[in-house]
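Student: Generate coordinates for the sequence data below:
(one chain, ligands or ions: 1)
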Amino acid sequence: MSRVKTLGQFIIEKQSDFPFSKGELSRLLRDIGIASKIVNREVNKAGLADILGDAGEINIQGENVKKLDVFANEQFIAALSVGGECCAIASEENEDIIIINNEMSKNAKYVVAMDPLDGSSNIDVNVSVGTIFSIYRRTSLHGAGTNEDFFQRGTEQVAAGYVIYGSSCMMVYTTGKGVNGFTLDPSIGEFCLSHPNMQTPKKAKTYSINEGNYVHFPDGVKKYLKYCQEEDDETDRPYRSRYIGSGVADIHRNLITGGIYIYPTTSKSPKGKLRLLYECNPLAFIVEQAGGKATNGFDRILELDMTELHQRTPLFIGSSDMVDVAGDFMLKYSSVEALEKR
Ligand code: P6P
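Tutor: Coordinates of the predicted model:
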């Protein structure tokens, strides 16, 4: 049996990809891996809430039971704070950035943006959820991290990844040199390389979108959905609709089998629902590195300007041919509408 390669061994092996780095990024990825294992353990117990107690209650050990997204947020903040490689964190759970100015971290080179538990509303029904993270070099020169450190385009990311807590726990990440997937082996407590050099199919037949919002979709999205549903042997249509309601799970499936995930503007989310900084940019970096594409319907996600910490954007992400065709429909039927909204 070929030797198992753990995340730690892989990171050390790839250290040479960063000749100027003294291992800080490697240690940062290690810290994220440690927090992920702790979160995975709790997510897997979530089904026992009746025994362990619901959030806000005191459990049989007399501990205050936290909502899992609060728990996950605290675990990643704690791991990144003691690791010494990160000087500030932006989290979906926190309105403002979290400055890490202990002795070790205040001059650290990196900042981390994260959605600690995306899709957490699915936990109670045992649907996969995920953590999404994005790593930038700080732009401030020294001392405590600042808001401006996060106001960088997605193209400036040095690394990005997600952890999916599902039938198995997987970490998928990129440092700009391809995408690799690691599956947690609970028997040894290590993430092991299981999906080397992930590439997403150029063409595919799966589309993921919440069609409940159809009435309020831009015309370009409506026309694209009808295109997906038409009978056409030559282009192997109709496609299949798959939507779990947990973005990391939908995008992970589409990354492996091919497909497009779309969260467009809706009446409830006139700028889109997903956040640019800690959802769309990291997912776009990963999918592009795997040969796919990610746009807001018109422009490349990674080139969008950051103007607000929690800003939202529409997201069209997945197999490159499918994102291109959806973009053609947006250009033909929704570009005027989009320009008016800008
Ligand atoms: P809706 C989870 O809240 C999330 O951000 C994504 O993970 C998911 O794809 C989407 O929102 C689900 O939103 O409006 O379809 O329930």
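Student: Get me the contact residues on this structure for the ligand.
Tutor: Applying CB under 6 Å from any ligand atom, we find that the chain lies next to the ligand at 118-119, 210, 245-247, 250, 273-274. The way it works is simple: take the backbone N, C-alpha and C, and place the C-beta from them, glycine included.
Student: Which residues are in contact with the closest residue to the ligand within the stretch 151-300 of the chain?
Tutor: Going by CB to the nearest ligand atom, the ligand is nearest to residue 247 of the stretch 151-300 of the chain, at 2.8 Å. By CB atoms under 8 Å, 6 or more residues apart in numbering, the contact list for residue 247 reads 118-119, 130, 261, 263, 274, 279, 283.
Student: what do you get if the cut-off is 10 Å, keeping everything else the same?
Tutor: 115, 118-119, 129-130, 132, 162, 208, 261, 263, 273-274, 279-280, 283, 315, 317 (CB atoms under 10 Å, 6 or more residues apart in numbering).
Student: Next one: the most centrally placed residue in the chain relative to residue 336, how far apart?
Tutor: Centroid-nearest residue in the chain, with CA atoms, centre = their mean: residue 132, separated by 3.5 Å. With distances taken as CB to CB, to the nearest Å, residue 132 is found 33 Å from residue 336.
Student: Residue 230 too?
Tutor: Residue 230 is 25 Å from residue 336, by CB to CB.
Student: Does residue 162 fall in a helix, a strand, or a coil region?
Tutor: Per DSSP: H, G, I helix; E, B strand; the rest coil, the secondary structure class of residue 162 is strand.
Student: so it bridges to which residues?
Tutor: residue 132, residue 172 (DSSP bridges).
Student: Show the pLDDT at it.
Tutor: Looking at residue 162, its pLDDT is 98.
Student: which residues sit in contact with it?
Tutor: 36, 114-115, 118, 130-134, 170-173, 181, 247-249, 251-252, 255, 279, 282-283, 286.
Student: any idea how far it lies from residue 4?
Tutor: Residue 162 is 22 Å from residue 4, by CB to CB.
Student: Repeat that for residue 71.
Tutor: 29 Å.
Student: From what I see, the residue nearest to the centre of the chain and residue 282 are in contact.
Tutor: Yes. Judged on CB atoms under 10 Å, residue 132 makes contact with residue 282 at a distance of 5.3 Å.
Student: Just list the residues touching the residue nearest to the centre of the chain, thanks.
Tutor: Counted by CB under 10 Å, 6+ apart, residue 132 has contacts 92, 113-119, 160-164, 247-248, 251, 274-275, 278-283, 286.
Student: filter the residues of the chain next to the ligand to the buried ones?
Tutor: Neighbour-count burial (16 or more other CB atoms under 10 Å) applied to the residues of the chain next to the ligand gives 118-119, 246-247, 250, 273-274.
Student: Where is pLDDT lowest across these?
Tutor: Where pLDDT dips furthest among these: residue 119, at 89.
Student: Ramachandran angles for the residue lying closest to that residue once chain neighbours are set aside?
Tutor: On the basis of CB to CB, 6 or more residues apart in numbering, the spatially nearest residue to residue 119 that is not a chain neighbour turns out to be residue 246, at 3.2 Å. Phi and psi for residue 246, reported as degrees, to the nearest 10, are phi -130, psi 110.
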